[in-house]
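**Q** kindly generate the corresponding structure for this input.
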Amino acid sequence: MVSVLPDLPAVDRTFDYLLSPQLARGAAIGSIVRVPLAGRVVRGWIVGWDVQPPAGVRLSEIRKLTGAGPSQEMIELCRWAAWRWGSRHAIFLRMASPDRVVGSIAQRPGQERPGPQRPGPERSGPERSGPADPLMSPRSVLRLPPVDDGFEVALRATRHGDALIICPSVRSATSMARRLRSAGVRTALHPDDWGRAAAGGVTVVGPRSAAFAPMPSLAAVVVVDEHDEALQAEGSPTWHAREVALERARRARVPAVMTSAIPSLEALSRSPLQLVDRRTERLGWPAMIVIDRRDEDLGRTGLLSERLVPLLREPGHVVCVLNTVGRARLLACGSCGTVERCERCDAAVSQIEPGRLRCRRCGLERPEVCQSCGSTTLRLLRQGVSRVAEELSALVGEPVNEISHRTPFDQPASRVVVGTEAALHRSDRADRVIFLEFDQELLAPRYRASEQALGLLARAGRLVGGRRGSVVVQTRHPDHPVLRAAATGDPGPVTEAEDLLRRELDLPPAATLAVIGGPAGPGFLEALVLPDGCVRLEMATQSVVTTHDRPALLDALAATPRPPGRLRLQIDPLRIPQPSPPG
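**A** Okay, the predicted model is just below:
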């Protein structure tokens with residue numbers, strides 16, 4: 001008799017079943033099975049063995065043993081993750097399960113490896129230590145220059161045994177795995193090599209989901225570029241691979257190292273900071289060229305300043321970044337000056353193609369005509385990537401490709417390309433990276449704006465190879481601390497200022513945020529009993545709860561019954577919704 005958790009997040013409870021002797025020979029805790037439930041057959045995981053059902057209850061039999069699944073340790077880790085991010089156990093068990101059926105796990109008998117280190121008491125806080133081996137500490141944050149992709153740290157971790165290497169993207173994980181294999185390290189790439197990883201004797205490399213990869217003999221954990229937003233899920237649940245990796249290392253009592261050019265406050269609040277020597281760090285940041293536009297008439301000169309033209313025409317591959325998609329996102333009448341709005345919902349309209357306008361809120365389309373005076377001459381106030389690509393092509397006299405998150409990695413690129421920040425991840429190299437309008441990053445209404453802006457500069461620095469290339473920034477705030485930090489190669493002052501600001505405003509990591517919304521949000525909030533010390537704020541379509549006592553809030557969220565309908569529950573999301581307008 002076994003206990004099975006169905007793969008139905010809305011149910012979120014276990015049921016007892018009979019396991020036949022034939023199936024029991026190949027089953028274990030974590031095995032994936034097919035069971036009858038409410039008139040249908042569903043997938044599930046065995047999470048309990050030799051259970052005792054209530055007297056007088058006749059149990060149904062498990063229909064099929066599908067294959068191997070997460071281990072007992074991973075089941076417990078998934079249960080912790082469900083509590084930590086206010087979610088369901090089954091959602092995380094899916095992440096810990098193979099994408100394809102794995103009939104059995106081929107164990108490697110007789111394999112010997114160095115035992116995991118047994119670290120001493122944990123330390124916390126953004127203290128600074130010397131250049132000691134970060135893998136000699138229970139956990140640490142190693143600040144590296146942008147040009148360093150963390151390969152040497154990952155290679156060092158493999159000497160401790162089976163290491164788990166988590167990278168921000170599939171592309172960076174694939175590159176890391178290839179380099180480790182070239183160095184003679186037995187490597188499994190998650191999730192494709194799930195079975196090899198479960199057998200042990202390999203270093204596992206993968207993107208965010210690798211935090212739940214099977215590793216029976218975990219010896220060390222490395223999180224590369226821990227500040228990268230790709231390591232956190234934007235939807236609900238907003239789980240973070242860094243936090244799962246740290247919890248996993250704590251449970252296994254093995255060292256955990258996080259590398260980053262700009263360590264996040266979340267990482268620094270829990271781990272000591274280690275630095276490379278100052279000269280190495282400085283040379284790993286790119287040469288910065290700041291174009292001050294404070295004295296320019298932007299209405300006359302537009303987005304491309306005169307000082308930018310020579311930099312665009314110089315030989316070399318150029319990546320231009322503008323985080324505004326489309327052709328024109330904000331237009332005004334050239335005759336009467338009225339900002340063009342939607343006649344249905346009053347939102348600003350954008351230009352989707354010459355002669356056509358579309359509302360970004362309700363989707364209504366109309367001709368390119370001013371509704372106030374009837375003029376067909378419209379002036380661009382905020383250009384999009386598509387329109388800028390056309391202007392750049394005319395300016396440099398050659399084709400300019402537009403890059404987005406949909407652009408294939410193997411698509412041939414022109415010498416000059418333009419796109420959103422996806423262009424920084426879709427390009428293999430660059431001699432120059434140009435941020436056409438960096439003020440929208442520095443002044444963004446996001447509580448992580450400075451951290452995210454500095455992260456873009458660090459990513460650009462890696463793309464140009466540090467001092468071998470240059471990063472050009474157009475701005476009306478040339479003395480901004482973020483730009484000074486990139487120019488000097490020292491993100492420390494920005495981190496310290498951000499830490500003070502977050503503490504003053506009770507923002508993560510100084511406090512825990514829970515954003516509650518969705519159709520089932522009002523019913524959930526009505527049943528939620530908030531612990532003492534929690535503050536609830538009403539936003540546009542959802543509520544935000546803040547507290548300094550994270551465990552108490554998470555316990556309260558887990559104990560609250562969920563009403564029917566979709567509930568959106570986000571713990572410490574990357575972005576916080578804006579407050580509702582007065583009235």
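
**Q** hmm, who's touching the helix or strand where Gly523 lies?
**A** Element membership for Gly523 (DSSP states H and E) is helix 521-527. By CB atoms under 8 Å, 6 or more residues apart in numbering, the residues outside helix 521-527 that reach it are Ile516, Gln542, Ser543, Thr560, Pro561, Arg562, Pro563, Gly565, Leu567, Arg568, Leu569. Bear in mind the C-beta positions are built from the backbone N, C-alpha and C, glycine included.

**Q** for stretch 172-192, same thing?
**A** For stretch 172-192, contacts defined as CB under 8 Å, 6+ apart pick out 98-99, 149-151, 154-155, 158, 165-167, 196-197, 201-207, 209-210, 213, 224-225.

**Q** now do the end-to-end distance for that stretch.
**A** Using CA to CA, to the nearest Å, the end-to-end distance of stretch 172-192 comes out at 15 Å.

**Q** same question, stretch 190-206
**A** 5 Å.

**Q** and Val47, which of the three is it?
**A** strand (DSSP: H, G, I helix; E, B strand; the rest coil).

**Q** I figured it was touching Ser31, is that so?
**A** No. Using CB atoms under 8 Å, Val47 makes no contact with Ser31, being 9.8 Å away.

**Q** residue ranges with poor pLDDT in the stretch 51-200 of the chain?
**A** 106-132 (pLDDT under 70).

**Q** how about the chain?
**A** 106-132, 297-301, 325-332, 337, 339, 345-347, 360-362, 379-383, 409-411, 577-583.

**Q** which ones among the contacts of stretch 172-192 map onto strands?
**A** Ile165, Ile166, Thr203, Val204, Val205, Gly206 (DSSP state E).

**Q** pick out the most distant pair among those residues.
**A** Pairwise distances across the ones in strands among the contacts of stretch 172-192 (CB to CB) peak at 11.7 Å, for the pair Ile166 and Thr203.

**Q** where do the helices sit along the stretch 51-200 of the chain?
**A** All helices of the stretch 51-200 of the chain, identified by DSSP state H, counting those that start in this stretch, fall at 72-84, 89-95, 151-158, 170-182, 194-199.

**Q** what angle separates the fourth one from helix 151-158?
**A** Computed with axes from the mean of the first three to the mean of the last three CA atoms, to 10 degrees, the direction of helix 170-182 lies at 60 degrees from that of helix 151-158.

**Q** how far does helix 170-182 sit from its chain's centre?
**A** Its chain's C-alpha centre and that of helix 170-182 lie 19 Å apart, by CA atoms, centre = their mean, to the nearest Å.

**Q** which parts of that helix are buried?
**A** Val170, Ser172, Ala173, Thr174, Met176, Ala177, Arg179, Leu180 (16 or more other CB atoms under 10 Å).

**Q** pick the one among these closest to Gly355.
**A** When the buried residues of helix 170-182 are compared against Gly355 (criterion: CB to CB), the nearest one is Val170, at 39.5 Å.

**Q** find the nearest non-adjacent residue to that closest one, please.
**A** What sits nearest to Val170 in space, not counting adjacent residues and going by CB to CB, 6 or more residues apart in numbering, is Pro207, at 5.0 Å.

**Q** from memory Pro509 sits against Ser271, does it?
**A** No. With contact defined as CB under 8 Å, Pro509 does not count as touching Ser271 (11.8 Å).

**Q** more crowded one of those two?
**A** Ser271 (27 against 17; other CB atoms under 10 Å).

**Q** roughly how far apart are that one and Val101?
**A** For Ser271, the distance to Val101 (CB to CB, to the nearest Å) stands at 38 Å.

**Q** equivalent analysis for Ala556, please.
**A** In terms of CB to CB, Ala556 sits 39 Å off from Val101.

**Q** please settle this for me: is Ala245 part of a strand?
**A** No. Counting by three-state DSSP, Ala245 is not found in a strand; it is helix.

**Q** how many residues are close by it?
**A** 26.

**Q** over to the one 3 residues further on?
**A** Applying other CB under 10 Å, we find 23 residues neighbouring Arg248.

**Q** in three-state terms, label it for me.
**A** Secondary structure assignment for Arg248 (three-state DSSP): helix.

**Q** ok now do the nearest residue to it once chain neighbours are set aside, which residues does it touch?
**A** Excluding its sequence neighbours, the residue lying closest to Arg248 (CB to CB, 6+ apart) is Leu77, at 6.0 Å. Counting by CB under 8 Å, 6+ apart, Leu77 touches Phe92, Ala96, Phe212, Val244, Glu247, Arg248, Arg251.

**Q** redo the residues you listed as CSV? Include distance to Arg282.
**A** Shown next, in CSV, are those (distance: CB to CB, whole Å):
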residue, distance to Arg282
Phe92, 41
Ala96, 42
Phe212, 38
Val244, 33
Glu247, 34
Arg248, 34
Arg251, 38
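
**Q** mind checking which of those residues are buried?
**A** Buried, going by 16+ other CB under 10 Å: Phe92, Ala96, Phe212, Val244, Glu247, Arg248, out of these.

**Q** show me the domain layout of the protein.
**A** With domains defined by automatic domain parsing, the chain comprises 2-95, 128-281, 285-326+384-501, 512-571.

**Q** would you convert those domains into CSV that also reports distance to Glu340?
**A** Below are these laid out as CSV (distance: least, CB to CB, whole Å):
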stretch, distance to Glu340
domain 2-95, 42
domain 128-281, 31
domain 285-326+384-501, 14
domain 512-571, 24
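
**Q** winner for burial among these?
**A** domain 128-281 (a mean of 21; mean count of other CB atoms under 10 Å).

**Q** got the end-to-end distance for stretch 182-202?
**A** Using CA to CA, the end-to-end distance of stretch 182-202 comes out at 14 Å.

**Q** list the contacts of the most centrally placed residue in the chain.
**A** Nearest to the geometric centre of the chain sits Ala230, at 2.3 Å (CA atoms, centre = their mean). Going by CB under 8 Å, 6+ apart, Ala230 touches Pro168, Ser169, Pro207, Arg208.

**Q** 7 Å - rerun?
**A** Neighbouring residues of Ala230 by CB atoms under 7 Å, 6 or more residues apart in numbering: Pro168, Ser169, Arg208.

**Q** can you tell me the SS state at it?
**A** Three-state assignment for Ala230 (three-state DSSP): helix.

**Q** check the gap between it and Gly455 for me.
**A** For Ala230 relative to Gly455 (CB to CB), the value is 11 Å.

**Q** I'd guessed Ala511 sits against Thr547; true?
**A** Yes. Checked against CB atoms under 7 Å, the pair Ala511 and Thr547 is within contact range at 6.4 Å.

**Q** tell me which helix or strand Cys320 sits in.
**A** Cys320 belongs to strand 318-321 when assigned by DSSP H and E.

**Q** which residues are contacting that strand?
**A** For strand 318-321, using CB under 7 Å, 6+ apart, the contacting residues are 312, 392, 415-419, 421, 423-424, 427, 430-436, 463.

**Q** hmm, try it at 6 Å
**A** Val416, Val417, Val418, Glu421, Ala423, Ser427, Ala430, Arg432, Val433, Ile434, Phe435, Leu436 (CB atoms under 6 Å, 6 or more residues apart in numbering).

**Q** show me which of these is closest to Ala38.
**A** Nearest member of those to Ala38, counting by CB to CB, is Glu421, at 45.8 Å.
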